[in-house]
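*Asks:* Turn this into a structure:
(chains A and B)
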There are 2 protein chains.
Amino acid sequence: MSSPSSVAVVAESRPGERRVALVPELAGRLRARGFRVAVAAGAGLARSSPDLAYTNAAVRVTPDPVPGADVLLSVRPPRPDDVRRLAPGALTISFLPVREERALVELLRDRGITALSLDLLPRTSAAQPMDALTSQALVTGYRGVLVAAERLPRFFPGFVTAAGTLPPARVLVLGAGVAGLQAIATARRLGAEVAAYDVRASAPAEVGSLGAEFLDLGLPPLTGAAGYARVMDPDRAARQADLLTPHVAAADAVITTAAVPGHPAPVLVTRAMVAAMRPGSVVVDLAAESGGNVEGVRPGVEQVVGDGVLLWGGADVPSQLPEAASRLYAANVVALLEHLGPEGVRSPDLTDEILAACCVTHAGVIRGPAAELLA
Amino acid sequence: MSSPSSVAVVAESRPGERRVALVPELAGRLRARGFRVAVAAGAGLARSSPDLAYTNAAVRVTPDPVPGADVLLSVRPPRPDDVRRLAPGALTISFLPVREERALVELLRDRGITALSLDLLPRTSAAQPMDALTSQALVTGYRGVLVAAERLPRFFPGFVTAAGTLPPARVLVLGAGVAGLQAIATARRLGAEVAAYDVRASAPAEVGSLGAEFLDLGLPPLTGAAGYARVMDPDRAARQADLLTPHVAAADAVITTAAVPGHPAPVLVTRAMVAAMRPGSVVVDLAAESGGNVEGVRPGVEQVVGDGVLLWGGADVPSQLPEAASRLYAANVVALLEHLGPEGVRSPDLTDEILAACCVTHAGVIRGPAAELLA
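*Replies:* Next up, the predicted model:
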């Protein structure tokens, strides 16, 4: 019998990153599958997962879990320093956007590491339990609505009081992928009147099923690979902006989540459209880090623009709900490790549909979809 | 025919006060009832009711609407300077807590002003449309939940995802008056599991009707005058704290709203109880300005206490939702002016049940319940 594979959970080092790749509650599942787990001291959530919580979950807490680890877990791409201290054949699991991390990918290749990227999981039902892009987008969409509701100077729900009736807030969600649909559901929960728009053909039914109004602008859908949105040409963008203008102007809160994989976020809301909004309105741009859906947005900045409109640019949004985000991320990572098993860590089956898609480097080679993206 | 009564809306001057006593949308109702309305320039909501909105609603915007006004409207008690510039027989409507404002009440009396206090409206169905304590408490309760939800590092609703199930947050509401019931309703909307406690006999049914669990501590109810809570003796307070401790410890978010009219807020949550809470939990004390329900709370301050618990002390909470709060307050004030009518401003019928209760000074005399409170 081989000795159990050892899993190291590092402390995230990127400024603004407040998640952790494994929460104590899920450590038992890894142990049951034959993994030994060690976590870097202080890696846990500042407020809710202190070192003691890991110790109580029978996880070893150590200043440096990296040397000798078979698996390195992180949320953000692993640090080059840590990669250099792993033995050849070790495996890393993290978000790893290969185009932005070309140098790191080459280092992983040169060190003989098997690097799995959660950005490259296939969109299949078998991969769903591991789908960290989806789980973190869910956090983002929920958070976007709470940010808007907390900053709007009026109620989200309608109120009937002895002194009269207040109508519900009107919320417009632009981009109805996972984050957008979660934003719609949360705004509906809070009693707002919600409308939404998305270029993809599947959007009207999904929006409608959540009790929101889909804005039919009379434009053809733009669905691309794997069900994601496609880039639009300038003419379409201009027409769409014209048609969206009155809906943006009528909204109390606008929440934008539109993304096109591999491209900057599309600008959906121009300065002129914001200028036409009622003072006191709130715009939450959840795509601010990838360029923004709203002209003039800056990630991590809350600014008053136009005639008194609050524009909030998201930055590290899942880290603003670190416990929920980490819990879901850890569940995704644990599902992937359960799928691999301790043996799979040492010799991954690269004919497996999931691993074939998300394995970026193995045995000194950049492989599969990652190789195409970097070609 | 007499000339219409003139109503002056002042700009609030107290630091932290962001409401306005009349919003443009309701000016038409006053005009229809025979009032002329003028508003101080800049009195409106910074972001959502600029001067132009009043002008568009046919309200006169003027640097100083006070001289010659028959009625002075404000949210906070009128400024002594403004009172001195009113003609004898003029009428003021505002919050006016007479014990804290004894000098102002004496000035109002000496100047021959008819001062109505919205703190002293009777709790009758006829007075409900004017009940600004209730309308502002509604805002406070809603806001308290949004503050907690925006700061909790986990979701309020439960989530079932491909990677596993997250249970809903557990929210405990202490004090189930208007603010507490609104907090319960809002937390339930957001999908939290809600429990509540209140000393009054009517609380269990009201809490239960909102889908929350009433904590039956096995203690006798403490209902006082007009259905408000009574002061409790130290023994009862200590027993109650003991019995509440495990419920506080189990909660992800605690929202407190307990008040006893004419007394400091009761301390319901001690330092030891907060220390027993899970790190990452959030405590929102909506009674912080009247002393606080949570030991160590400070109004307007957000602090990390105990083992990583966030303690938020409310200050000017309705002003944190200025549009909703002003809209409701204005509706209350307009209802009171509709009840009075232009003639009632000049010669109020002090046998009227509502006016008899809330009229603090008239014709040089401190009257009714106000006189008793100041005796």
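*Asks:* Residue A:161 contacts residue B:328, doesn't it?
*Replies:* Yes. Using C-beta atoms under 8 Å, residue A:161 is in contact with residue B:328, at 6.5 Å. Heads up, the C-betas are built off the backbone N, CA and C, glycines and all.
*Asks:* what about the residue nearest to residue A:128 when sequence neighbours are not counted, neighbour count?
*Replies:* Spatial nearest neighbour of residue A:128, excluding adjacent residues (C-beta to C-beta, 6 or more residues apart in numbering or on different chains): residue B:162 at 3.6 Å. Per other C-beta atoms under 10 Å in any protein chain shown, the neighbour tally for residue B:162 reads 17.
*Asks:* Would you report the backbone torsion angles of residue B:162?
*Replies:* Here is the backbone geometry of residue B:162 (degrees, to the nearest 10): phi -60, psi -30.
*Asks:* again, but for the one 4 residues further on
*Replies:* The phi/psi pair for residue B:166 (degrees, to the nearest 10) reads phi -110, psi 130.
*Asks:* Which strands or helices does the helix or strand that residue A:244 is a member of pack on?
*Replies:* Element membership of residue A:244 [criterion: DSSP states H and E] is helix A:234-250. Using 3 or more C-beta pairs under 8 Å, 6 or more residues apart in numbering or on different chains; DSSP states H and E, the elements in contact with helix A:234-250 are strand A:170-174, strand A:193-197, helix A:271-275.
*Asks:* before we move on, the earlier item: check contacts around the residue nearest to residue A:128.
*Replies:* A:128, A:129, A:131, A:134 (C-beta atoms under 8 Å, 6 or more residues apart in numbering or on different chains).
*Asks:* How about residue A:151?
*Replies:* Residue A:151 sits next to A:282, A:310, A:312 when contact means C-beta under 8 Å, 6+ apart.
*Asks:* what helix or strand is the one residue in the stretch 201-350 of chain A that gets nearest to chain B on?
*Replies:* Residue nearest to chain B within the stretch 201-350 of chain A (C-beta to the nearest C-beta): residue A:280, separated by 3.2 Å. Following DSSP H and E, there is no helix or strand that holds residue A:280.
*Asks:* what about residue A:161 and residue B:328, which has more around it?
*Replies:* residue B:328 (28 against 16).
*Asks:* quick one, helices of chain A?
*Replies:* A:27-32, A:51-56, A:80-84, A:102-110, A:132-151, A:178-189, A:203-209, A:234-250, A:271-275, A:322-346, A:353-358, A:368-374 (DSSP state H).
*Asks:* could I get the ones you listed as CSV with mean pLDDT?
*Replies:* Formatted as CSV, those follow (pLDDT from 0 to 100):
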stretch, mean pLDDT
helix A:27-32, 95
helix A:51-56, 90
helix A:80-84, 98
helix A:102-110, 98
helix A:132-151, 97
helix A:178-189, 98
helix A:203-209, 97
helix A:234-250, 94
helix A:271-275, 95
helix A:322-346, 95
helix A:353-358, 97
helix A:368-374, 95
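*Asks:* okay if I get these as TSV plus distance to residue B:358?
*Replies:* Converted to TSV, the helices of chain A look like this (distance: least, C-beta to C-beta, whole Å):
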stretch	distance to residue B:358
helix A:27-32	62
helix A:51-56	55
helix A:80-84	70
helix A:102-110	70
helix A:132-151	34
helix A:178-189	38
helix A:203-209	49
helix A:234-250	39
helix A:271-275	44
helix A:322-346	47
helix A:353-358	69
helix A:368-374	71
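*Asks:* Show me how the record splits chain A into domains.
*Replies:* A:5-131+A:321-365, A:140-320 (automatic domain parsing).
*Asks:* any chance of the helices and strands packed on helix A:234-250 in JSON lines, plus mean neighbour count?
*Replies:* Shown next, in JSON lines, are those (neighbours: other C-beta atoms under 10 Å in any protein chain shown):
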{"stretch": "strand A:170-174", "mean neighbour count": "28"}
{"stretch": "strand A:193-197", "mean neighbour count": "24"}
{"stretch": "helix A:271-275", "mean neighbour count": "16"}
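*Asks:* can you list these in CSV and add distance to chain B?
*Replies:* Listed next are the helices and strands packed on helix A:234-250 as CSV, based on distance: least, C-beta to the nearest C-beta, whole Å:
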stretch, distance to chain B
strand A:170-174, 14
strand A:193-197, 14
helix A:271-275, 14
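*Asks:* And the ones you listed: which comes nearest residue A:318?
*Replies:* Among these, the nearest to residue A:318 by C-beta to C-beta is strand A:170-174 (18.2 Å).
*Asks:* Quick check: pLDDT value at residue A:48.
*Replies:* Residue A:48 is assigned 68 on the pLDDT scale.
*Asks:* Next one, pLDDT for residue A:230 please.
*Replies:* Reported pLDDT for residue A:230: 75.
*Asks:* ok, now how distant is it from residue B:292?
*Replies:* Between residue A:230 and residue B:292 the computed distance is 55 Å (C-beta to C-beta, to the nearest Å).
*Asks:* ok so, going back, can you add distance to residue B:114 and give the helices and strands packed on helix A:234-250 back as JSON lines?
*Replies:* Listed next are these as JSON lines, based on distance: least, C-beta to C-beta, whole Å:
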{"stretch": "strand A:170-174", "distance to residue B:114": "41"}
{"stretch": "strand A:193-197", "distance to residue B:114": "42"}
{"stretch": "helix A:271-275", "distance to residue B:114": "46"}
